[in-house]
Structures are given as structure tokens and as C-alpha cells.
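K.L.:
no sequence on hand, only this structure:
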């Protein structure tokens, strides 16, 4: 079975650290004088994948496709509307508050904005110490010593522990966020656009830091990004999302060398090539992304697809396998 594909028989397989099956998150829209629930925004609509220990699944797609909602639903920062999320065989969607709090020591998230994800009223030392104290891992003195080691591990001088977040640059703040995440010794980290708010040169430093930590601490990543170049650098497998659905999943090299879904081809055609003599042809889509409130019938991509045919609007496309671990949903 592929590292990033899941089926019903795979649930509970300890070879997979994370298994997501038919995950949904629908946001209700209230209508009418009495605020009755009417339509729904289908932010995530039946997403399934799995990740082996030590691997990195890159989740890509344009803004608004539901990538970040997937990451937050896995951690239940927002409650999923349906589906199952298994971490080492335990269904996170069924845990009570106490059990979920314990599980979150193993599954952590690095947010996109390093400016708003850190408490401006706390010193850096207190920020990194806080997870130790909240989870009762150790006392304050020991937590402070551990925080020094973590900050040095991510490239922040321990002498800066008494400084506040506003005294640091964006890249330094993201390093502090990573140190805070590492305090509880997680095995899975969800990186939610964790480098998109940084300058390009700083992005490279943070990405190399994440790869270094993955090797040294045996971490597993779900890396959410809209930047295919970044995803190619850090991922072992890639999943492509469009309008709340996963339309293609494959090992990294296979997806970049042999894309099958028309939407994947469109995304790859927009990636800049560092060769001025290259004559790559960019595929330009027509129209705008359909509303997630009124999703198109059949294939959600068919109103913009350059390879559309009559069957695309009539029924949902089947999932096809075209190689080891390479799946896509398309009629053609």
C-alpha cells in the first residue's frame, strides 16, 4: 500500500502514523429571520490519506481549497463534520477532552503567521517553557533549562530568553514557534504554510532546519503549502487538493515527472523554471474557482478543465491507480 493512500482495510495499521479517512468539514450558513441553517460551505469534503512514520506528505493547492482546514480538523482545533482521523490506531475524533489533550502532545502544529502565534506579553523563555508546565512534564526550573537547549537547537541564542517576541525578526519568531512545538516531543508535526510569510532566503533556512530536525528527532510531517517548489524540496509524497477534495496523490518524483490530473498539470505549468532558455508552456485556466457553497455537479474541476467532456459534469470521477502509489480522480 502506498504511503499516502488509505482504504478501509488500512485503518489501524501501525505502519502508518497518521490515517485520515473521508474527512469532512462543512460550515453551516444561517439563513432567514430565525437563523435557520441553510446551505453549507464544503471546505473539506471527503479527504483521505495516510502517512508512514518518518515521511513527509506535502498537501498543495490554491488558496481556499481546504488545505489548512484539513490540518486544523486533524488536531480538532476545529471540529470535523465527519470522517475518521487515526493516530497510531487511535481515533482522534472519538477522544474526550482529557484524552485529546494527551494526544496533542504527540501531534503539534506550526502556524503560518509567526507574528500572531506567539503571545506578545510573554518572554521567549516563558513561551517555550509553557508546554512543559501545561502538560505537567517537569517543574519550572527544569523546564527553563530544557527551553535553553531547544532554543539553541533551532538557532536562537539562549541569552535571548528574557526578550519578547516583538524584538525578533519573522524567521526568528518561526524558529521560536518550532522550539515551542518540540517541547512536548511530538512525533507528528503539521506545518500549516509555515514558511509562506517569510522572505525567500529565510524560507530556505527554516526548511533546512525542519529537515535537520526530522533526521535527528525522527519526525513525521504533514506539510501544507501552496508553493510547489517548497513542497518538492521537503516532501516524500504529495497530495493535490481542489475545492475541498484530494484529486491526485503520488510519490513526489512520480507526481512531478508524470502528473495525471489536469489540475495538477496546471499547477506544475506555473512553477518557475530556473533556465532562461526553457520554453515551458503555461496552462491558463478559464474562469474563477467555483463557490464551495454551490459546488459543481460531477467533477468539481470540470467548469475550468481544459480536457473536459460531457461525462465530467454528469457524474463524479472514479479513482484510478496508474502506478505504485499513484492515484488520481479523473474520467480521462
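P.N.:
Sure, I can see it. From a predicted model like this one, the values you see are computed outputs, not experimental measurements. Numbers count the residues shown, from 1 in each chain.

K.L.:
where does pLDDT dip in the stretch 201-332 of the chain?
P.N.:
275-276, 278-280 (pLDDT under 70).

K.L.:
where along it do the strands fall?
P.N.:
Remark: strands assigned in the stretch 201-332 of the chain by DSSP state E, counting those that start in this stretch are 220-224, 237-242, 245-251, 319-323, 326-329.

K.L.:
in a markdown table: the ones you listed, plus mean neighbour count and distance to residue 195.
P.N.:
C-beta here means a position set from N, CA and C on the backbone, and glycine is covered the same way. Converted to a markdown table, the strands of the stretch 201-332 of the chain look like this (neighbours: other C-beta atoms under 10 Å; distance: least, C-beta to C-beta, whole Å):
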| stretch | mean neighbour count | distance to residue 195 |
| --- | --- | --- |
| strand 220-224 | 26 | 9 |
| strand 237-242 | 26 | 16 |
| strand 245-251 | 26 | 22 |
| strand 319-323 | 13 | 30 |
| strand 326-329 | 22 | 27 |
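
K.L.:
so which of these gets nearest residue 180?
P.N.:
strand 220-224 (16.5 Å; C-beta to C-beta).

K.L.:
now the strands for the stretch 1-150 of the chain?
P.N.:
So, for the stretch 1-150 of the chain - with DSSP E, counting those that start in this stretch - the strands run 16-31, 36-52, 56-60, 82-87, 90-91, 107-110.

K.L.:
quick one: residues in contact with the shortest one.
P.N.:
Just to be clear, that refers to strand 90-91. Residues from elsewhere that reach strand 90-91, judged by C-beta atoms under 8 Å, 6 or more residues apart in numbering: 84-85, 103.

K.L.:
partners of it, with directions?
P.N.:
Partners of strand 90-91 in the sheet, by DSSP bridges, are strand 82-87 (antiparallel).

K.L.:
the inter-axis angle of the partner strand versus strand 16-31?
P.N.:
150 degrees (axes from the mean of the first three to the mean of the last three C-alpha atoms, to 10 degrees).

K.L.:
how about strand 82-87, which residues are buried there?
P.N.:
Neighbour-count burial for strand 82-87, counted by 16 or more other C-beta atoms under 10 Å, picks out 83-87.

K.L.:
re earlier: for the strands of the stretch 1-150 of the chain, which one ends up most surrounded?
P.N.:
strand 56-60 (a mean of 26; mean count of other C-beta atoms under 10 Å).

K.L.:
related to what we said a few turns ago, need the strands of the stretch 201-332 of the chain in a markdown table (columns: distance to residue 128).
P.N.:
Formatted as a markdown table, those follow (distance: least, C-beta to C-beta, whole Å):
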| stretch | distance to residue 128 |
| --- | --- |
| strand 220-224 | 20 |
| strand 237-242 | 31 |
| strand 245-251 | 35 |
| strand 319-323 | 43 |
| strand 326-329 | 40 |
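
K.L.:
the most centrally placed residue in the chain and residue 104: what is the separation?
P.N.:
In the chain, the C-alpha nearest the mean C-alpha coordinate belongs to residue 224, at 3.1 Å (C-alpha atoms, centre = their mean). Residue 224 sits 18 Å away from residue 104, going by C-beta to C-beta, to the nearest Å.

K.L.:
residue 120 too?
P.N.:
23 Å.

K.L.:
and those two? Which one has more around it.
P.N.:
Legend: neighbour count by other C-beta atoms under 10 Å for residue 120 and residue 104, higher for residue 104 (20 against 9).

K.L.:
please identify which pair of the buried residues of strand 82-87 lies farthest apart.
P.N.:
Farthest pair in the buried residues of strand 82-87, by C-beta to C-beta: 83 and 87, 13.7 Å.

K.L.:
the longest helix in the protein is where?
P.N.:
For the chain, the longest helix by residue count, based on DSSP state H, is helix 200-217.

K.L.:
residue 106: neighbour count?
P.N.:
Neighbour tally, residue 106, other C-beta under 10 Å: 15.

K.L.:
where exactly do the helices run in the stretch 151-300 of the chain?
P.N.:
In the stretch 151-300 of the chain, the segments counted as helices under DSSP state H, counting those that start in this stretch are 170-182, 200-217, 228-234, 252-257, 262-269.

K.L.:
can you tell me which of those is most buried?
P.N.:
Stretch with highest mean neighbour count among the helices of the stretch 151-300 of the chain: helix 170-182 (a mean of 23; mean count of other C-beta under 10 Å).

K.L.:
so where's the stretch 1-150 of the chain shaky on pLDDT?
P.N.:
Checking the stretch 1-150 of the chain against pLDDT under 70 turns up 1-14, 31-37.
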